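**Student:** how would this look folded up:
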Amino acid sequence: MPVQSILLRFSYFEHDWIEEDIDGPEAAEAILLRVASEGDWFEVDAAAPDEFATLDALAERAEQVVAGEWRMPVAAVRMPLDRLRSIIADGGWTFAGGGFAEFVGNNQDTSMLVRLVRDVPDQRSSS
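**Tutor:** Model prediction:
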């Protein structure tokens, strides 16, 4: 049976925050939570991530960084991951790998990248 694969990314788009009025941790927290609640997973063309073999391992690392190191609410990670779990369940997908990248100055925003796969029924007739 053929297999379909997609790569999805969720980004916190910190570089877009430059237009926001951030005057302290509370303001940053509010923006982070807004992005987490309103942001979408979007399809990308990238190398397949292999840093994490399970969705739980990806979630654990993202929570370590966002909640542990940054001291921001764990909801900032859980909201987008809950949406990803819905995408997986609704589409019949299986998590096949994931990656987590932290904000790096002018180079990258904090993001999660996942590869999802699902079986595609053979469309050929059996007659």
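
**Student:** which helix in the chain runs the most residues?
**Tutor:** Secondary structure of the chain per DSSP state H: the longest helix is helix 75-91.

**Student:** how distant is that helix from the center of its chain?
**Tutor:** 8 Å (Cα atoms, centre = their mean, to the nearest Å).

**Student:** Show me what the helix or strand of the chain with the lowest mean pLDDT is packed against.
**Tutor:** Each helix and strand of the chain was given a mean pLDDT (mean pLDDT, DSSP states H and E); the minimum falls on helix 25-38 at a mean of 87. Helix 25-38 sits against helix 75-91, with contacts defined as 3 or more Cβ pairs under 8 Å, 6 or more residues apart in numbering; DSSP states H and E. All C-beta atoms are positioned from the backbone trio N, CA, C, and that covers glycine.

**Student:** send the alpha carbons of the longest helix of the chain over as PDB?
**Tutor:** Output in PDB follows, covering the C-alpha atoms of helix 75-91 (Å, rounded to 0.1, in the frame of the first residue of the first chain):
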ATOM      1  CA  ALA A  75      -0.100  25.900  27.700                       C
ATOM      2  CA  ALA A  76       2.100  27.700  25.100                       C
ATOM      3  CA  VAL A  77       3.300  24.200  24.100                       C
ATOM      4  CA  ARG A  78       0.200  22.200  24.700                       C
ATOM      5  CA  MET A  79      -2.200  24.300  22.700                       C
ATOM      6  CA  PRO A  80      -0.400  23.800  19.300                       C
ATOM      7  CA  LEU A  81       0.300  20.200  20.200                       C
ATOM      8  CA  ASP A  82      -3.400  19.600  20.900                       C
ATOM      9  CA  ARG A  83      -4.200  21.000  17.500                       C
ATOM     10  CA  LEU A  84      -1.600  18.600  16.000                       C
ATOM     11  CA  ARG A  85      -3.100  15.700  17.800                       C
ATOM     12  CA  SER A  86      -6.500  16.600  16.200                       C
ATOM     13  CA  ILE A  87      -4.900  16.800  12.700                       C
ATOM     14  CA  ILE A  88      -3.400  13.400  13.300                       C
ATOM     15  CA  ALA A  89      -6.700  11.800  14.500                       C
ATOM     16  CA  ASP A  90      -8.900  13.500  12.000                       C
ATOM     17  CA  GLY A  91      -6.700  12.700   9.000                       C
END
